[in-house]
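Q: sequence below, structure please.
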Amino acid sequence: MRLDRLLANSGLGTRSRLRDKISHGSVQVNGVVVTDASYHVNESDSITFDGQEINCQTKLYYLLDKPDGVLTAMEDKRLPCVADYIPSELKSKKLSPVGRLDYHTSGLLIITNDGELSHRLQSPRYEVPKIYLATYRGLEWTDEEIATVAAGFSIRDKGYSEQIAPADLKVKDKLSDGTMRALLTLHEGKTHEVRRIFAHFNKEVLELRRIELAGVKVSEDIDSCGEFRPLTEDELGLLFKAAGLK
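A: Numbers count the residues shown, from 1 in each chain. Sure thing, here's the model as predicted:
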């Protein structure tokens, strides 16, 4: 494969920009500076770009810190969606989000074209932990309520009974405006599950943010929303371990 094409496939920029970078000596292949964009390379070659070793694998892995008011979809004609945060040079790489975050939930989304990893991270079988930071209004959680959440319980908010799996709830703090915050760790992914759990105990979620998945984290602060970046090797290791993959 041509060097400029492989670099573009890795999400490092447009081929025209990369050809310019290559011609100015920004790329090394197996320790040797290469200035010819048409130079033939393989995914197994060691390639550095501006002094940083890059991952040139066909399968791509990214993290998006999804803002509130963005649809977890790759296309929508009416509403902002996660595809709006993916660089144009990656639009043809068959990337898609792993699972969903509600329209009004911000935070961590994995974006990849690795179907097996995506499937396992979403499967209840692997019980991948997902941690949410909820800002809510209502009475403080009682020890009995927290124990009920930890044991799992039956909910009937849709006209039929549905079992909610055990989850770990930890009260975090109380804010100056009187609202409170709590952390909820889930191991499944039912629709609107966090809000439904809080509503079951007469607490209204005002703001919801996923801050962690399988040990991969984003800041609790919404100022990082909109960030789109490649996953690090350490983060990939955490995801593969949680999914039972090498």
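
Q: bridging residues for residue 2?
A: Beta-bridge pairing of residue 2 under DSSP bridges involves residue 40.

Q: can I assume residue 111 sits in a strand?
A: Yes - counting by DSSP: H, G, I helix; E, B strand; the rest coil, residue 111 is located in a strand.

Q: and residue 73, how many neighbours?
A: 15 (other Cβ atoms under 10 Å). No exception for glycine: its C-beta is placed from N, CA and C like everyone else's.

Q: what separates residue 48 from residue 154, distance-wise?
A: Plainly put, residue 48 is 56 Å away from residue 154 if you go by Cβ to Cβ, to the nearest Å.

Q: compare these two (neighbour count), which wins?
A: Using other Cβ under 10 Å, the more surrounded residue of residue 48 and residue 154 is residue 48, with 15 against 9.

Q: OK, contacts around the more buried one?
A: Residue 48 is in contact with 27, 28, 54, counting by Cβ atoms under 8 Å, 6 or more residues apart in numbering.

Q: and it, which of the three is it?
A: Per three-state DSSP, the secondary structure class of residue 48 is strand.

Q: what's opposite it in the beta bridge?
A: Here residue 48, judged by DSSP bridges, has bridge partners residue 28, residue 53.

Q: any idea how far it lies from residue 21?
A: Applying Cβ to Cβ, the value for residue 48 to residue 21 is 12 Å.

Q: find residues that contact each of the two.
A: Common contacts of residue 48 and residue 21, defined by Cβ under 8 Å, 6+ apart, comprise residue 27.

Q: so what's the residue nearest the centre of the chain closest to, chain neighbours aside?
A: Residue closest to the average C-alpha location in the chain (Cα atoms, centre = their mean): residue 109, at 1.9 Å. Using Cβ to Cβ, 6 or more residues apart in numbering and skipping residues adjacent in sequence, the residue nearest residue 109 is residue 64, 4.6 Å away.

Q: which element is the one you found on?
A: strand 61-66 (DSSP states H and E).

Q: does anything pack onto the following helix or strand past that strand? Which helices or strands?
A: Sequence-wise, the next helix or strand downstream of strand 61-66 (DSSP H and E) is strand 96-97. In terms of contacts (3 or more Cβ pairs under 8 Å, 6 or more residues apart in numbering; DSSP states H and E), strand 96-97 is packed against strand 105-112.

Q: what angle do the strand it packs on and strand 61-66 make?
A: Angle of strand 105-112 versus strand 61-66, following axes from the mean of the first three to the mean of the last three Cα atoms, to 10 degrees, is 160 degrees.

Q: quick one, helices of the chain?
A: Assigned by DSSP state H, the helices in the chain fall at 3-9, 15-23, 115-122, 143-151, 193-200, 233-242.

Q: highest average neighbour count across the ones you listed?
A: Comparing the helices of the chain by mean neighbour count (mean count of other Cβ atoms under 10 Å), helix 3-9 comes out on top with a mean of 22.
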